[in-house]
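Chemist: Next come a sequence and a model predicted from it.
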Amino acid sequence: MMNKIKKEIEDGMKLIWKKVDPKDLKPGDHIYAYKRYGYYSHHGIYVGGGYVIHFTSTANKEAILPISIVQPETVSACPECGYRENTGRGVIKTCLDCFRRQGKTLCSIRYFMCGAPRLGHLLKKPGTCSTISCTRSPEQVIEAAYELLRSNGFGKYHLISNNCEHFATYCQTGVRASEQTAFGDTILKICRELKNCS
């Protein structure tokens with residue numbers, strides 16, 4: 001029993017710190033990169049060839065943050081994938097560098113782990129793993145991501161209840177879930193229920 005607990009703790013610790021060399025990525029991997037000094041993680045599905053399908057805000061950045069330092073006319077398009085920050089909306093496909101870029105910095109890539117052991121899950125930083133089991137093959141994960149890209153059918157972006165982690169987890173498991181916003185989502189649901197009861 002103690003060996004099992006020790007292994008779960010070790011597995012949990014690996015999830016917190018494990019950086020991935022981009023050349024080790026495999027199509028269908030659910031990946032993330034810490035942004036804003038580790039304040040949140042941005043998630044996507046690696047589809048091969050150096051490209052990632054991910055979900056971004058469906059609103060203009062100026063509508064979300066009026067003091068945004070990103071202005072459409074001052075940001076040139078990426079020479080590799082053509083992505084221009086502050087123009088792509090919803091489900092998009094970009095090169096790996098655009099996915100992980102924050103300003104002029106390329107953030108480290110990390111694997112997201114589905115089916116994490118419960119004890120390891122408790123030790124991790126939110127947004128790094130989930131206890132939900134991966135129910136899809138890598139090919140099915142990629143197909144789900146491409147289908148949502150073609151249809152732009154993941155709905156309106158919402159920081160708490162419909163974000164990039166919801167998207168990537170859905171592609172991998174068929175379940176919309178975000179560990180990093182789970183607490184906020186619970187509070188929103190309680191508020192909606194209280195509003196409906198009054």
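Modeler: That came through fine.
Chemist: For the closest residue to residue 27 other than its chain neighbours, give the beta-bridge partners.
Modeler: In this structure, residue 27 finds its nearest non-sequential neighbour in residue 48, 3.8 Å apart by CB to CB, 6 or more residues apart in numbering. Every C-beta, even on glycine, is put in place using the N, C-alpha and C of the backbone. Beta-bridge pairing for residue 48 (DSSP bridges): residue 51.
Chemist: correct me, but residue 48 touches residue 29?
Modeler: No - with contacts counted by CB atoms under 8 Å, residue 48 stays clear of residue 29, the gap being 9.6 Å.
Chemist: what about these two, which has more around it?
Modeler: When neighbours are counted by other CB atoms under 10 Å, residue 48 and residue 29 differ, and residue 29 comes out ahead with 22 against 13.
Chemist: What's the per-residue pLDDT of that one here?
Modeler: Residue 29 carries a pLDDT value of 92.
Chemist: All the strands of the chain, residue numbers only.
Modeler: Taking DSSP state E as the criterion, the chain contains strands spanning 30-35, 40-48, 51-56, 90-95, 101-102, 105-106, 110-111.
Chemist: If you count contacts, what does the third one end up packed against?
Modeler: Judged by 3 or more CB pairs under 8 Å, 6 or more residues apart in numbering; DSSP states H and E, the packing partners of strand 51-56 are strand 40-48, strand 90-95, helix 96-100, helix 138-151, helix 164-173.
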